[in-house]
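Chemist: sequence and predicted model, in that order:
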Amino acid sequence: MRRLLLIVVTLGLLLAGPAFAEPITLNAEQKARLQQLLPGTKIDEHLLQGLAELFYSHDMPVTVRLKAISTLAGLDRMPPSTTLHRNICIWDIGGRAGPVYQAAMEQRTIALQYGVHLKMMPFTNESILVEALKSGQCDAALMSGLRARTFNRYTGTVDAIGAIPDNQQMHTLLRVLADPSQAGRMVQGQYVIMGIYPAGSAYIFVDDKRISSLANAAGKKVAVLDFDPMQAEMVAGIGATPVPTDFVSAPNMFNNHVVDILPSPLVAYEFLELYKGMTPNGGIVDYPFTQLTMQLVGRLDKFPNVIAQLIREASLQAYGRIRQRLKTEEDRVPDHWWIHISDADKNKYDIMMQKARENLKDKGYYSADMLELEHRIRCKYNPARAECTRHQE
């Protein structure tokens, strides 16, 4: 078991094909390579087919499949010095001291037990991380779902405004996306989505409690991400003034009252000291406008989709632990900051967000297929929603 992930990744490189159900065949060079990794094991069609079936048996938990692969391939006979190296880039505003990077380091320790050496490389600037992935400096990179849209429009639409109202629906969506039936959609060009993780609910932080409705936001300055022009377009559409910035600068702009409104995940409240920007008369509108994600984007030549599928399933199994960590941070927000709005105002937000999704879909910004999937999930949990009686997406 000590070198199991090395074999899993190597087999994935050898066995990966355009479809999961195709028979496995290797040429002489591939068989020789595999034989070097499995000394003493007879490499034949029976072994290859057995390994393939274990890869694709999604009814088995990932850990059970890994153990079965280990037994079938005789991994105990592997050379103890064999190690696989991969560079994983992590976006965390806090750098090496940040919570995302620290959680990633825990996974590095686990991977070492299987003979896989992961070099974790922290990035505080997400733009630089994206370029590092494109240049090949990173074999995979963990980034926001908003950035991941660059690499996969389907999964990049998971974070669509208003598309997923709560955590329960997000969990349902991630279960669907981790299913092997979705595997083909995880590849776009030379990149593959290896994992999608919840990053918490995003809310509207304001420096004045009176800015609690769309009408009252007119004329106010709103922080928008500079790499996402559609955000500026949506803000301008409600009569507010978009102020382009980035993830690092936006909290400081809010805290120094350069902008009046900051869309932000709730988990940033204490870590980024957003209470400074709300003091003394501000607050948080108590209606989440999206559920955010972090997505692990890999280079397909380093992580074939058959391997990425195992990682996606393992990522889903981490959902509960990640949600608990997020809840711990979300619970740090004192009750006095919440700005409670009426059902009528919530309905106005729903209508605005639905129109925005439709507009961005028509422009090719959002994936129509993902919006349709999210629509079905919303209506499954709340059939009484107005959109569910007349399909509009």
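Modeler: Received the coordinates, thanks. Numbering: from 1, shown residues only.
Chemist: alpha carbons only for contacts and neighbour counts from here, please
Modeler: Will do.
Chemist: in three-state terms, label residue 88 for me.
Modeler: Classification of residue 88 by DSSP: H, G, I helix; E, B strand; the rest coil places it in strand.
Chemist: ok, it - contacts?
Modeler: Residue 88 makes contacts with 118, 119, 120, 121, 138, 139, 140, 141, 142, as judged by Cα atoms under 8 Å, 6 or more residues apart in numbering.
Chemist: for the stretch 151-300 of the chain, which segments are assigned as helices?
Modeler: 167-177, 229-237, 249-255, 268-271, 275-278 (DSSP state H, counting those that start in this stretch).
Chemist: any idea which of those is most buried?
Modeler: Most buried of these, by mean neighbour count (mean count of other Cα atoms under 10 Å): helix 275-278, with a mean of 22.
Chemist: buried residues in the longest helix along the chain?
Modeler: Counting residues, the longest helix found in the chain (DSSP state H) is helix 343-362. Residues of helix 343-362 classed as buried by neighbour count (16 or more other Cα atoms under 10 Å): 345, 349, 350, 352, 353, 354, 356, 357, 358, 360, 361.
Chemist: okay, and which of the contacts of residue 88 map to strands?
Modeler: Taking DSSP state E as the definition of strands, the contacts of residue 88 contribute 118, 119, 120, 121, 140, 141, 142.
Chemist: related to what we said a few turns ago, out of the helices of the stretch 151-300 of the chain, which gets nearest to residue 208?
Modeler: For these, the distance to residue 208 is smallest for helix 275-278, at 7.2 Å, taking Cα to Cα.
Chemist: if any of the contacts of residue 88 are buried, put those into a PyMOL selection.
Modeler: Buried subset of the contacts of residue 88, written as a PyMOL selection, criterion 16+ other Cα under 10 Å:
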select buried, resi 118+120+121+138+139+140+141+142
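Chemist: include pLDDT and distance to residue 259 when you put the buried residues of helix 343-362 into CSV, please.
Modeler: Putting the buried residues of helix 343-362 into CSV (pLDDT from 0 to 100; distance: Cα to Cα, whole Å) gives the following:
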residue, pLDDT, distance to residue 259
345, 90, 23
349, 90, 21
350, 90, 24
352, 89, 22
353, 91, 22
354, 91, 25
356, 91, 22
357, 93, 25
358, 93, 28
360, 92, 25
361, 94, 28
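Chemist: nearest to residue 166, of the residues you listed?
Modeler: Checking the buried residues of helix 343-362 against residue 166 with Cα to Cα, the nearest one is residue 350 at 13.5 Å.
Chemist: follow-up on the earlier one: out of the contacts of residue 88, who's nearest residue 86?
Modeler: residue 118 (5.1 Å).
Chemist: residue 213 versus that closest one, what's the distance?
Modeler: 47 Å (Cα to Cα, to the nearest Å).
Chemist: same check, this time on residue 327
Modeler: Relative to residue 213, and taking Cα to Cα, residue 327 is found at 26 Å.
Chemist: with residue 256 instead?
Modeler: In this view, residue 256 and residue 213 are 22 Å apart by Cα to Cα.
Chemist: more neighbours, the two?
Modeler: Between residue 256 and residue 213, counting by other Cα atoms under 10 Å, residue 213 is the more crowded of the two (16 against 13).
Chemist: tell me how far stretch 212-226 lies from the chain's centre.
Modeler: How far stretch 212-226 lies from its chain's middle: 26 Å, per Cα atoms, centre = their mean, to the nearest Å.
Chemist: again with stretch 161-175
Modeler: From the chain centre to the centre of stretch 161-175 is a distance of 12 Å (Cα atoms, centre = their mean).
Chemist: now that stretch: average pLDDT?
Modeler: Mean pLDDT, stretch 161-175: 95.
Chemist: ok, now stretch 278-298?
Modeler: So the average pLDDT for stretch 278-298 ends up being 95.
Chemist: which residues does the closest residue to residue 94 other than its chain neighbours contact?
Modeler: Of all residues not flanking residue 94 in the chain, residue 124 sits nearest, at 6.6 Å (Cα to Cα, 6 or more residues apart in numbering). Residues near residue 124 by Cα under 8 Å, 6+ apart: 91, 92, 93, 94, 95.
Chemist: return the closest of the buried residues of helix 343-362 with respect to residue 383.
Modeler: Out of the buried residues of helix 343-362, the member with the shortest distance to residue 383 (by Cα to Cα) is residue 350, at 14.9 Å.
Chemist: residue 288 versus that closest one, what's the distance?
Modeler: Taking Cα to Cα, one finds residue 350 at 10 Å from residue 288.
Chemist: list residues touching both of the two?
Modeler: In contact with both residue 350 and residue 288: residue 162, using Cα under 8 Å, 6+ apart.
Chemist: ok, what's across the strand from the residue nearest in space to the middle of the chain?
Modeler: In the chain, the centroid-proximal residue (Cα atoms, centre = their mean) is residue 295; its distance is 2.6 Å. Counting by DSSP bridges, residue 295 is bridged to residue 143, residue 196.
Chemist: show me the contacts for it.
Modeler: Applying Cα under 8 Å, 6+ apart to residue 295 gives the contacts 142, 143, 144, 145, 148, 193, 194, 195, 196, 197.
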